[in-house]
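> Fold the stuff below for me.
(2 chains)
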Amino acid sequence: MANNAARADTFPKLLVRNAVEFAARPAMRHKDLGIWQSWSWSETLDIVRAYAVGLSRLGLKRGDTVAIVGSNRPKLYWSILAAQTLGAVPVPVYADAVADELAFVLKHADVRFAAVEDQEQVDKIQSVLERLPNLEWMFYDEPRGLRDYDHARLRSMDDVIADGRKALAADATLGAWLDSEIAATKGSDPSIILYTSGTTGTSKGVVLSGERSIAAATDTVNFDHLDENDVALAYLPLAWVGDHYLNFAQGMVAGFCTACPENAETAMADLREIGPTFYFAPPRTLEALLTRVMIRMEDASPLKRRIFHYFIGVARQYGERILNGQSVPLKGRILYGLGNLLVYGPLKNVLGFSRVRTAYTAGEAIGPDLFAFYRSIGLNLKQLYGQTEAFLYVTCQPDGAIYSDTVGPAAPHVDIKIADNGEVLFKSPGMFTGYFRDDDKTAEVMTPDGYVKTGDAGFFDDKTGQLKIIDRAKDVGKLKDGTLFAPKYIENKLKFFPNIREVVAYGDGRDFVTVMLNIDLTAVGSWAERNNVAYASYQELAGHPLVYDMLEKNVAEVNRSLAQDKMMAGAQVKRFLVLHKELDADDGELTRTQKVRRGFVAERYAPLITALYDGSSEADISTQVTFEDGRKGVISARVKIRDMKVEPVAAAMEKAA
Amino acid sequence: MRAPDDSPKARIGDVLLSVEEVSLAFGGVKAISGVSFDIRQGEIRAIIGPNGAGKTSMLNVINGFYHPQQGRITFKGQTRSRMRPYEAATGGIARTFQNVALFRGMSALDNIMAGRTLKMNVNFFWQLFRHGPAVREEVEHRRFVEEIIDFLKIQDIRRTPVGRLPYGLQKRVELGRALAMQPELLLLDEPMAGMNLEEKEDMSRFILDVNEYYGTTIALIEHDMGVVMDLSDRVVVLDHGEKIADGTPDEVKRNQAVIDAYLGVAH
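Now for the predicted structure:
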């Protein structure tokens, strides 16, 4: 069972192994002109060798850096391998990066060569060319629109590969030279530099070495029992650590086939055609999928709708227990089997999940209902927690121990510590060797004893023994009595209710926790329609006593769930209010990526916050708003405040049970 | 490798189609009176003018749908006063319509495949049973159609019934069907009518790409002056069925008769 990839310490050596061991098995597929094209491992080696020779004839040398810019396409993956074959270091860049970001990375990594997808990327690089004096050559995959461009420093990848192939055929010693180049690649040398997306400050180049990358990927390939018969669809950004690890590195180690979609828009249809066995999706993708299914079910005939909802109910009752291998009454098994035949099977087929053995989600908190839905229809969805600096895996959930609010125990051979301030620290087989040309930053994130700081706060859950991530470490505060206060943790729990669109929690340096809620107009509006609640405006609906009653139940449920956690029990919500207007990016209350700007909101709604903490039962507020056409107006309202009951701490009881 | 000074103008060759002294009347209504102009190989030629100027009638004359009472049309050196639409199509003239004219119940793929009908040589019998040479031929045509789908970036809607698509995409499918005929001359009747800015930009890009990549000569009618001035090599302006100007976009823009026609001056 155990994979023997660790014997090769660099990816080019691994490719040579794969070409022998899995010779005729598919390494890569790509849908082109409506047909799935495939390349076997031996063909891949053949192409990569020719490509590498072509690149060396254009001057690529050991230690050079090569930018890789574009979406998931075979030729870009081969560019990575061809560069590594010569001991050069590939630097993938997000395809949708604007010219400025692109220039920053290319300049910082000092690239001499750039392998790009198409005209769009060529144009982008050419627009910042004067900032990149060291850039010598650009190679493109897609020739469309580039015919009339000046080809003095531009080549198509096909030409480079063909040139290398011709040279290899003409000169017999060249093959031997290439073998010696591959043998000369060292496992401790940089294998790839992945730039972090830079949502928190400027982006940093994370340097990963070949031996560590392969060691980490070998661990997880064995953990999830992946082998050469598996298939994955590479549809997430090529430059993201997730794609590079899950598809490229694991694919190289396990020898499985990586399929590239036709283009970004067809990914869903391609998923269905390929039927991957290993799948990753961030929570928002899973949510969008579920919404689409539900909307389409609403259009189905009444009979189909009833069958669907009945069996989804059955799945909710028994599905997860069956997946976890727990005992289920015979009636449950029979009903579930029938449901599988009528609903779950066809549904998974439509979504492309029929053959998925292992699916992961990560990146943000996933709603318990959403998570349970996919698991209940039989998709083995698990959570992992990772970072670019770790070459992805820090924790992951093993089969049979899956929870929606934890991210799993430490991944194989990963060592995790929780710092005094609650920050998660790790040491892992795949961990980075440092930030590229930034020793200060490297020193900043490393502890003296060799652990890496994640910047995330978390703790090990008593019940499950799994890690729970609660917030960014710098956002975690303390109540006056010293209780840990993680605003995002509370906000996320509340946001999982469909009635609640946005939440802002306060409590750092205060006596207790309070929250301001935004209702979700679609969900609450449709509830009002069904219950004959009349309202004339958003403001009136938000302030409606029945809406307050409904939200009070939601907040009470969150308090109950917080009470389960020893760490969080003290940070239950004591008072809440429902805002009279929606938080809006146009008013500066949200960022353009729809994240709440907590400090700004606190300033803007200062009278409300004062009222939340001084015990008054309502408060007046008037705020300036910007309409879509740019005009400004003022909204005034009297906002009511509700007190909440605090649940007794139940952690000890639960543990005993 | 092409020299960098290879300007777009260098692509333009000899006269492909010329219209001489064409007049068309419906009963007493004169739609076109005595209009002459030519379209050169490889150029993008715009026909503009206020409403009712006779632009669409002109396109209908070119592709043989209307027969002018007077005048001659010379296409690829052959002069004729009457041409049937079928002859125009086999001769290499394809067109799109002002109001989208697709088979709404059929998929985008099938609609574009329909554009290959004239290129199918296998007889009806084989096609009926979809066997032997018919399959081989279909595979060949499918490949060509897939290249068009790739070219127009509509892979994701390949199997979607056209009636379910938004307007901008329907227009793109219609362009695809016209391209499937491998036309020498492509007539576009208001390719951007009713589109938003982004769709217009996309469509402009595709028109330029078609012209460059396939080397197709294009004659288009368009109301968006910005688009016309950016896209076309030469512009002919009609007003009340008469030609009032002909030249490069810059010349036309400065022409007093054109300004008057658009701003409205007592006739």
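> Let's test this: what are the backbone torsions at the closest residue to chain B within the stretch 51-200 of chain A?
Distances between the stretch 51-200 of chain A and chain B by Cβ to the nearest Cβ are smallest at residue A:150, namely 4.2 Å. C-beta: built from backbone N, CA, C; applies to glycine. Main-chain dihedrals, residue A:150, degrees, to the nearest 10: phi -70, psi 120.
> From residue A:517, how far out is it?
58 Å (Cβ to Cβ, to the nearest Å).
> same thing with residue A:584?
Here the criterion is Cβ to Cβ. By it, residue A:584 lies 15 Å from residue A:517.
> same question, residue A:48
On the measure of Cβ to Cβ, residue A:48 and residue A:517 end up 55 Å apart.
> more neighbours, residue A:584 and residue A:517?
Using other Cβ atoms under 10 Å in any protein chain shown as the criterion, residue A:584 and residue A:517 rank with residue A:517 on top: 27 against 15.
> same question for the one helix or strand that one maps to, mean pLDDT?
Using DSSP states H and E, residue A:517 maps to strand A:513-519. Mean pLDDT, computed over strand A:513-519, is 94.
> same deal with stretch A:316-330?
Rounded mean pLDDT across stretch A:316-330 is 91.
> Show the end-to-end separation of that stretch, please.
16 Å (Cα to Cα, to the nearest Å).
> so how far is that stretch off the chain centroid?
Mean-position distance between stretch A:316-330 and its chain equals 29 Å (Cα atoms, centre = their mean, to the nearest Å).
> wait, what's in contact with residue B:173?
Listed by Cβ atoms under 8 Å, 6 or more residues apart in numbering or on different chains, the contact set of residue B:173 reads B:102, B:108, B:111-112, B:152, B:154, B:157, B:162, B:165.
> Most neighbours among those residues, which one?
Taking other Cβ under 10 Å as the neighbour criterion, residue B:112 ranks highest of the contacts of residue B:173 with 30 neighbours.
> Wasn't that residue part of a strand?
No: per DSSP: H, G, I helix; E, B strand; the rest coil, residue B:112 lies outside any strand segment and is helix.
> where does residue 57 land on pLDDT?
The chain I'm using is chain A. In this model, residue A:57 is scored at 95, pLDDT.
> Sorry, I should have been clearer: chain B.
At residue B:57, the model reports a pLDDT of 91.
> Buried residues, the one helix or strand residue A:287 maps to. List them.
Residue A:287 belongs to helix A:283-298 when assigned by DSSP H and E. For helix A:283-298, a neighbour-count test (16 or more other Cβ atoms under 10 Å in any protein chain shown) marks A:283, A:285-286, A:289-290 as buried.
> which other residues reach that helix?
For helix A:283-298, the surrounding residues in contact (Cβ under 8 Å, 6+ apart) are A:281, A:304-305, A:308-309, A:347, A:350-351, A:361, A:363-367, A:370, A:373-374, A:381.
> Which one of the contacts of residue B:173 is nearest to residue A:160?
For residue A:160, the nearest member of those is residue B:152. The distance, counting by Cβ to Cβ, is 28.1 Å.
> my read: the closest one touches residue B:207, true?
No: using Cβ atoms under 8 Å, residue B:152 is not in contact with residue B:207, being 11.1 Å away.
> Just the pLDDT for the closest residue to residue A:371 other than its chain neighbours.
In this structure, residue A:371 finds its nearest non-sequential neighbour in residue A:404, 4.0 Å apart by Cβ to Cβ, 6 or more residues apart in numbering or on different chains. Per-residue pLDDT puts residue A:404 at 88.
> And for residue B:145?
Per-residue confidence (pLDDT) for residue B:145: 95.
> Contact partners for it?
Residues counted as contacts of residue B:145 (Cβ under 8 Å, 6+ apart) are B:109, B:112-113, B:115-116, B:176, B:180.
> cool, residue B:163 as well?
B:104-105.
> Any stretches of the chain with poor pLDDT?
All of this refers to chain A. Along chain A, the model assigns pLDDT under 70 to residues A:1-6, A:197-201, A:592-593, A:650-657.
> Let me rephrase: I mean chain B.
For chain B, residues meeting the criterion pLDDT under 70 lie at B:1-10, B:81, B:264-267.
> top helix in it by residue count?
For chain B, the helix with the greatest residue count under DSSP state H is helix B:133-151.
> what does chain A have sitting close to chain B?
A:32-35, A:144-145, A:147-151, A:262-263, A:265-266, A:269 (Cβ under 8 Å from any Cβ of the partner chain).
> Keep only those of those that are in helices.
Mapping the residues of chain A next to chain B onto helices (DSSP H) picks out residue A:269.
> who wins for neighbours among the residues of chain A next to chain B?
residue A:262 (22 neighbours).
> My guess is it contacts residue B:155. True?
Yes: Residue A:262 lies in contact with residue B:155 (Cβ under 8 Å); the separation is 4.8 Å.
> Quickly list what's touching both of the two.
With Cβ under 8 Å, 6+ apart, residue A:262 and residue B:155 have common neighbours residue A:34.
> residues in contact with residue A:182?
Counting by Cβ under 8 Å, 6+ apart, residue A:182 makes contact with A:12-13, A:16, A:85.
> Now name the helix or strand holding it.
Under the criterion DSSP H and E, the helix or strand holding residue A:182 is helix A:172-184.
> ok now that helix, how far from the chain's centre?
With Cα atoms, centre = their mean, you get 39 Å for helix A:172-184.
> how about the helix or strand that comes right after that helix: buried residues?
Where DSSP H and E defines the elements, the next helix or strand beyond helix A:172-184 is strand A:190-195. Using 16+ other Cβ under 10 Å as the test for burial, strand A:190-195 gives A:190-195.
> what does strand A:190-195 rub up against?
For strand A:190-195, the external contacting residues (Cβ under 8 Å, 6+ apart) are A:10-11, A:65, A:80, A:84, A:89-93, A:105, A:109, A:203-210, A:213, A:239-241, A:244, A:388, A:433, A:436.
> Sheet partners, orientation included, of that strand?
Applying DSSP bridges, strand A:190-195 is found paired with strand A:205-209 (antiparallel).
> Now do the SS call for the closest residue to chain A within the stretch 151-267 of chain B.
Nearest to chain A, among the residues of the stretch 151-267 of chain B, is residue B:156, at 3.7 Å (Cβ to the nearest Cβ). The assignment at residue B:156 comes out as helix when based on three-state DSSP.
> just to revisit the earlier point, among the contacts of residue A:182, which ones are in strands?
Among the contacts of residue A:182, no member falls in strands (DSSP state E).
> Going by distance to chain B, which of these wins?
residue A:85 (27.1 Å).
> My understanding was that the closest one contacts residue A:179; is that so?
No: between residue A:85 and residue A:179 there is no contact under Cβ under 8 Å: 10.3 Å.
> quick check: domain ranges of chain B?
B:1-92+B:183-267, B:102-182 (automatic domain parsing).
> any chance of those in TSV, with distance to residue A:57 too?
Formatted as TSV, the domains of chain B follow (distance: least, Cβ to Cβ, whole Å):
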stretch	distance to residue A:57
domain B:1-92+B:183-267	17
domain B:102-182	31
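> So what does residue B:46 look like in phi/psi?
According to degrees, to the nearest 10, residue B:46 has phi -100, psi 140.
> Return the set of residues that bridge with it.
residue B:220, residue B:235.
> Can you give me the neighbour number for it?
25.
> Please report how far it lies from residue B:236.
Relative to residue B:236, residue B:46 is positioned 7 Å away (Cβ to Cβ).
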